[in-house]
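K.L.:
Just a sequence and a predicted model for now, questions to come.
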Amino acid sequence: MMFGQGGSAKVFVATRPVDFRKGIDGLALAVQEMFGLDPFCGAVFVFRSKRADRIKLLVWDQSGMVLVHKRLEGGKFVWPQVQDGVMRISSAQMAALFEGLDWRLVRPERARRPLVAG
């Protein structure tokens, strides 16, 4: 799942679980209070449930606020250590997280230098 232009959106993760009864307005307020950011900035904001089997993503797509809710069947999302605060992950890590994979294993590929024929 790609968000933002070209899949390069900034992704912010709330490390502490949130009340999953919250909808768009409640999560937008949480973005302001927890992240200290504008929910209309185009970044993807990720929240998890207490049991870590559900996540919600909130993003402004220039025409409206989008809320995505995903529940894993028979598994849990890999999550950073529960503590106060937020963390930033890459779009590639977000894609792995959304699929229920261990996003911590996703590392950027090092740029390779072209071989020069001699």
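P.N.:
Sure thing, it's come through. Keep in mind that this is a model prediction, so the values were computed, not measured.
K.L.:
tell me which residues form a beta bridge with the spatially most central residue of the chain?
P.N.:
The centre of the chain sits closest to residue 46, judged by C-alpha atoms, centre = their mean, with a distance of 4.0 Å. With DSSP bridges as the criterion, the beta-bridge partners of residue 46 are residue 13, residue 57.
K.L.:
quick one: it and residue 55 touch, right?
P.N.:
Yes - at 6.0 Å, residue 46 counts as touching residue 55 under the criterion of C-beta atoms under 8 Å. Bear in mind the C-beta positions are built from the backbone N, C-alpha and C, glycine included.
K.L.:
between these two, what contacts are shared?
P.N.:
Common neighbours of residue 46 and residue 55 (criterion: C-beta atoms under 8 Å, 6 or more residues apart in numbering): residue 97.
K.L.:
Show me what the worst-scoring helix or strand of the chain on mean pLDDT is packed up against.
P.N.:
Ranked by mean pLDDT, DSSP states H and E, the weakest helix or strand in the chain is strand 86-89, scoring a mean of 89. Here strand 86-89 touches strand 11-14, going by 3 or more C-beta pairs under 8 Å, 6 or more residues apart in numbering; DSSP states H and E.
K.L.:
Show the pLDDT at the residue nearest to residue 56 when sequence neighbours are not counted.
P.N.:
In space, and not counting its chain neighbours, residue 56 is closest to residue 47: 4.7 Å by C-beta to C-beta, 6 or more residues apart in numbering. The per-residue pLDDT reported for residue 47 equals 96.
K.L.:
The residue lying closest to residue 26 once chain neighbours are set aside and residue 50, how far apart?
P.N.:
Closest residue in space to residue 26, ignoring its immediate chain neighbours: residue 19 at 7.6 Å, by C-beta to C-beta, 6+ apart. Using C-beta to C-beta, to the nearest Å, residue 19 is found at 9 Å from residue 50.
K.L.:
Kindly report the same for residue 27.
P.N.:
Between residue 27 and residue 50 the computed distance is 16 Å (C-beta to C-beta).
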